[in-house]
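**Student:** heads up, no residue letters with this:
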């Protein structure tokens, strides 16, 4: 089986959407406490790659290993695996009919089977962690984008995942709200959380990432230490991309 | 009036904030107000005047006039050993209606209303462009529109009473023939509601289950649900009622009463329609909601139950209530099954009354009974719709503001 120390490992992962070949053989491994940043032009397959890690997208071909288990095996209990993998989306995807607190407790009570009070305590603890405890009773529609995204992060963290996936989590935010979300992510990285971050925030990628991937057209074009990639790109494709975004 | 609001800007700001945006429609003027008043008066003269004369005649309850006798409105005399029964039951009431409709006060009120209405309409439409404030302009236009309504209704009533009002009234407005039937109408309304509520509640449950099956990604699950839905939406309810009762219940000799059989068919039928409503509602929820729920480790069914369906239900309340109003009226179709006397619903009951008296007033009352049930419901649908449209996401915003 899988006997290296990686937490997440992708083996020759391909993904087709109909006739569209989105991922063309991705090999990748993620060690505990790593902050892996994925950059690349839109349509390069970054989000699809991230969503293959918790099987929101099922790879058409290839294998995904999580914590020593092949989770692409049909016999794997995917629902159980997902409780160990947190994901935060670009569009927040909070449940609009539930308060910030209920957004978090629903999975704690129904999936982890915690008691009402225990779930509530744990949810409040996570809301405090992202600075949203005072809005615990607010509905998503009453919160700003940045506040909603912080609640979404708290919701994922409350499951006590082993890895957190961030899918362009600041892209839908007004510029003045980006900072508060990045700050939470920065703190998480500092606490040693294993993270995979798809982002367009180049400053964040450079400062927080321990490793960086540059993807284009469904393949990993370059991989390495973020500063190294930023200051000494090896390929024309990365050079052109950086010239456009920096 | 508008000035007072703006004037208070000098006062504490909280007051201004609470009164909402300032009224900028400006002042009214005597001319605009009188056009508006003329419009209203015309409408009141035409509708209220005619109704008033009717009420006065009904309360005075005069004897049957020679005019009434001439057209056959003869008081009822029961059969005696020497002579057969004669006349019309309730002839007095009908005669009152006919006389009131033809009375001079009615003529005067109707013509006066029409004349005032024409005046309001001419003056309103003739001058609204020249009004200096928005309020005056609106008053003119509203007055003119009310004037049109008064003219149309007045002209119709004037035309109508030139016809055989006596025949119309004795057929459709002979409320005395309903003596002894009034209480039965209440029971009938209760049966209508019982059939409709039974059908709707069962149908909603069936519809939710069917909708879940119909959106399955597995064709083997989806196909039977689709077949069911298409069958029940594609055949007439009348056919379903007849076939289920006469064909299946009677044919197979099932121990099932007519009433119960009818409710079951309503559930089966409403289930198909509600399924389509739910399916649309569930599919209208953003895909990200399902992904968020699943990413937290919920199973498909848990995600449906805790994340998707609660949102979908809020969105489909208006169309579901609309279906309910339709079902209330469709309960009339149980007519074909032949219910027992205490099981009759509104339409069926009116039909019974008609067959025993040959007087169509029963159908007029049936319409009133249906409206008494449906109008409050329609109002509820409208309120629910406005709430859902007003709310940010169709949710309980509003209590909190923002």
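**Tutor:** All right, it came through fine. The model shown is predicted, which means the values in this text are computed figures rather than measured ones.
**Student:** list the buried residues in stretch A:66-84.
**Tutor:** Neighbour counts over stretch A:66-84 (16 or more other C-beta atoms under 10 Å in any protein chain shown) mark A:66, A:67, A:71, A:72, A:78, A:79, A:81, A:82, A:83, A:84 as buried. (Glycine included, C-beta is placed from N, CA and C.)
**Student:** stretch B:358-369 now?
**Tutor:** Quick answer for stretch B:358-369 (16+ other C-beta under 10 Å): B:359, B:360, B:361, B:362, B:363, B:364, B:365, B:366, B:369.
**Student:** that older thread, and of the buried residues of stretch A:66-84, the nearest to residue B:281?
**Tutor:** Nearest to residue B:281, judged by C-beta to C-beta, of the buried residues of stretch A:66-84 is residue A:79 at 24.9 Å.
**Student:** surely the closest one and residue B:298 touch.
**Tutor:** Yes: in this structure, residue A:79 is within contact of residue B:298 by C-beta atoms under 8 Å, at 7.0 Å.
**Student:** which residues do the two both contact?
**Tutor:** Shared contacts of residue A:79 and residue B:298 (C-beta atoms under 8 Å, 6 or more residues apart in numbering or on different chains): residue A:111.
**Student:** if we look at chain A, which of the buried residues of stretch B:358-369 are close to it?
**Tutor:** When C-beta under 8 Å from any C-beta of the partner chain is applied, no member of the buried residues of stretch B:358-369 is adjacent to chain A.
**Student:** which ones among the residues you listed map onto strands?
**Tutor:** Judged by DSSP state E, those include no members of strands.
**Student:** any chance of these in CSV, plus distance to residue B:319 and pLDDT?
**Tutor:** Formatted as CSV, those follow (distance: C-beta to C-beta, whole Å; pLDDT from 0 to 100):
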residue, distance to residue B:319, pLDDT
B:359, 39, 86
B:360, 35, 87
B:361, 35, 88
B:362, 33, 89
B:363, 30, 91
B:364, 31, 90
B:365, 30, 89
B:366, 27, 90
B:369, 25, 88
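**Student:** of the residues you listed, closest to residue B:274?
**Tutor:** residue B:369 (25.4 Å).
**Student:** next up, the contacts around that closest one.
**Tutor:** Applying C-beta under 8 Å, 6+ apart, we find residue B:369 in contact with B:185, B:188, B:189, B:192, B:346.
**Student:** ok, now residue A:26?
**Tutor:** A:10, A:12, A:13, A:14, A:45, A:49, A:52, A:62, A:218, A:219, A:220.
**Student:** so it belongs to a strand, correct?
**Tutor:** Yes: using DSSP: H, G, I helix; E, B strand; the rest coil, the secondary structure at residue A:26 is a strand.
**Student:** okay, strands next: where are they in the stretch 251-400 of chain B?
**Tutor:** Read by DSSP state E, counting those that start in this stretch, the stretch 251-400 of chain B holds no strands at all.
**Student:** which helices and strands does the top helix by length along chain B pack with?
**Tutor:** Ranked by residue count, the top helix of chain B under DSSP state H comes out as helix B:182-214. Helix B:182-214 makes packing contacts with helix B:219-234, helix B:258-283, helix B:309-330, helix B:346-357, helix B:361-390 when contacts are defined by 3 or more C-beta pairs under 8 Å, 6 or more residues apart in numbering or on different chains; DSSP states H and E.
**Student:** return the most buried member of the ones you listed.
**Tutor:** helix B:258-283 (a mean of 21; mean count of other C-beta atoms under 10 Å in any protein chain shown).
**Student:** quick one: work out the angle between that one and helix B:219-234.
**Tutor:** On the basis of axes from the mean of the first three to the mean of the last three C-alpha atoms, to 10 degrees, helix B:258-283 is oriented at 120 degrees to helix B:219-234.
**Student:** just the element for the residue nearest the centre of chain A, please.
**Tutor:** The centroid of chain A falls nearest to residue A:165 when counting by C-alpha atoms, centre = their mean (1.5 Å). Using DSSP states H and E, the element containing residue A:165 is strand A:163-167.
**Student:** could I have the buried ones of the contacts of residue B:369 as PyMOL selection syntax?
**Tutor:** Selection command for PyMOL covering only the buried members of those, criterion 16+ other C-beta under 10 Å:
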select buried, chain B and resi 185+188+189+192+346
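**Student:** just the contacts of residue B:369 now: which is nearest chain A?
**Tutor:** Closest approach to chain A among those (C-beta to the nearest C-beta): residue B:192, at 34.1 Å.
**Student:** list the contacts for the closest one?
**Tutor:** B:328, B:331, B:345, B:346, B:369, B:370, B:373.
**Student:** burial measure for the second one, as a count.
**Tutor:** The one in question is residue B:331. 25 (other C-beta atoms under 10 Å in any protein chain shown).
**Student:** that one contacts residue B:196, correct?
**Tutor:** Yes: counting by C-beta under 8 Å, residue B:196 is a contact partner of residue B:331 at 5.4 Å.
**Student:** between those two, which contacts overlap?
**Tutor:** residue B:266.
**Student:** if we can go back for a sec, specify the stretch among the helices and strands packed on helix B:182-214 that is closest to residue A:40.
**Tutor:** Once these are compared by C-beta to C-beta, helix B:258-283 is nearest, at 32.0 Å.
**Student:** could you measure the one residue in the stretch 101-250 of chain B that gets nearest to chain A against residue B:289, distance?
**Tutor:** Using C-beta to the nearest C-beta, residue B:217 is the residue of the stretch 101-250 of chain B that sits closest to chain A, at 12.2 Å. Taking C-beta to C-beta, to the nearest Å as the criterion, residue B:217 is separated from residue B:289 by 17 Å.
**Student:** out of the two, which sits in the more crowded spot?
**Tutor:** Ranked by neighbour count (other C-beta under 10 Å), residue B:217 and residue B:289 place residue B:289 first, with 20 against 7.
**Student:** spatially nearest residue to the more buried one (excluding sequence neighbours)?
**Tutor:** Sequence neighbours aside, residue B:307 is the residue nearest to residue B:289 in space, at 5.4 Å (criterion: C-beta to C-beta, 6 or more residues apart in numbering or on different chains).
**Student:** the one you found: neighbour count?
**Tutor:** By other C-beta under 10 Å, the residues close to residue B:307 number 27.
**Student:** correct me, but it touches residue B:288?
**Tutor:** No: the pair residue B:307 / residue B:288 is not scored as a contact, 10.3 Å apart, by C-beta under 8 Å.
**Student:** now the angle from the longest helix seen in chain A to strand A:163-167?
**Tutor:** Across chain A, the longest stretch assigned as helix under DSSP H is helix A:175-190. Angle, helix A:175-190 to strand A:163-167, by the same axes, to 10 degrees: 160 degrees.
**Student:** distance between helix A:175-190 and the chain's centre?
**Tutor:** In terms of C-alpha atoms, centre = their mean, to the nearest Å, the centre of helix A:175-190 is set 14 Å apart from its chain centre.
**Student:** tell me what the helix or strand just after that helix is packed against?
**Tutor:** Where DSSP H and E defines the elements, the next helix or strand beyond helix A:175-190 is strand A:194-198. For strand A:194-198, the contact count by 3+ C-beta pairs under 8 Å, 6+ apart identifies strand A:35-39, helix A:46-53, strand A:163-167, helix A:175-190, helix A:202-208 as packing neighbours.
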